[in-house]
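**Q** Quick one: sequence and predicted model below, then my questions.
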Amino acid sequence: MQRLLVLCLAVIVIFFTPIYASEVKFIQATDIHLTSDNSQYLKDFVNDINTKYSDIDFIVFTGDNIDKPAEKDLYLFLEIIKQLKVRAYVLPGNHDLYRNQNLTNEKYMKIVKEKLGPAYHSSKANYVFKKGDIIFITMNGVKEIIPGPNGYYKESELLWLDKILTRYSNKKVVILQHFPLIDTHVKTHSLYKKDRYLEILRKHNNVIAIISGHYHQNREVFCNNIYHIVTPNFSNNRYYKLIEIDNGFVYTHLIDNKEKGYD
């Protein structure tokens, strides 16, 4: 009888333990728009995260980390977030890059890698990292020669994305980028050649979420089996999102620091 009970328990464990279950918990902060005048807000944010979130895996900053493409502001931004107790991943937005001011995509990401940790951060704006069973892909889309709020994912970027999605066809994928794919009523913030990007996505069934910023508003839309998450601007320590992925399901929690009395 005892042997039968043990056998039954073993069967229950086998059938009810999700083989591909994973749990990833992270914070997304976007559109920081840091300057030397408002840097205290980011310092407060870092202290707050270090105190209250000991169980997160990483933090990702999805563009417009600085308000103007000034190298000194980028260094200030990185010096502050380097104090985080978890890894920070960074990608640029349209406010971050401008070739005429000597802050190109290549130089920007090289500085990010040098300051945050050569051991883990990429020196490219399009890169891949893994957490648990989830693959994270970052996409650039910033026009550094003629800056502007319209995102443009070049054909070379989209072909690279297609290749990466094919490589990880048996994994759940989350794409991190500054420019959303969902529509905006503001034409100046629309995305060039969005249909081409969507064409690439339709070839694959492993993308579960696309997380972005840029619009300075909160929007979440489920479309074609992809959860499009747009987080409002952090500017002056206002908003960020706590995001959790568990067994392929994505859960979000918008944090408003004004409600906490941090305004």
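**A** Good, I have the coordinates. Numbering: from 1, shown residues only.
**Q** The residue nearest to the spatial centre of the chain in helix, strand or coil?
**A** Central residue of the chain (CA atoms, centre = their mean): residue 176, 3.8 Å from the mean position. With DSSP: H, G, I helix; E, B strand; the rest coil as the basis, the three-state label of residue 176 is strand.
**Q** My guess is residue 62 contacts residue 30. True?
**A** Yes: the pair residue 62 / residue 30 is scored as a contact, 4.2 Å apart, by CB atoms under 8 Å. In this view, the C-beta of every residue, glycine as well, is placed from N, C-alpha and C.
**Q** Show me where the stretch 1-150 of the chain has its strands.
**A** 23-29, 58-62, 87-91, 128-131, 134-139 (DSSP state E, counting those that start in this stretch).
**Q** what's the overlap in contacts for residue 62 and residue 30?
**A** Taking CB atoms under 8 Å, 6 or more residues apart in numbering as the contact rule, residue 62 and residue 30 both touch 93, 178, 212, 213, 231.
**Q** count of residues packed around residue 167?
**A** Per other CB atoms under 10 Å, the neighbour tally for residue 167 reads 11.
**Q** Please read the previous query as pertaining to residue 43.
**A** 14.
**Q** ok, back up a step: may I see the strands of the stretch 1-150 of the chain arranged in a markdown table, with distance to residue 110 as well?
**A** Putting these into a markdown table (distance: least, CB to CB, whole Å) gives the following:
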| stretch | distance to residue 110 |
| --- | --- |
| strand 23-29 | 22 |
| strand 58-62 | 17 |
| strand 87-91 | 12 |
| strand 128-131 | 17 |
| strand 134-139 | 15 |
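**Q** Ok, which of those strands comes nearest residue 200?
**A** strand 134-139 (10.6 Å; CB to CB).
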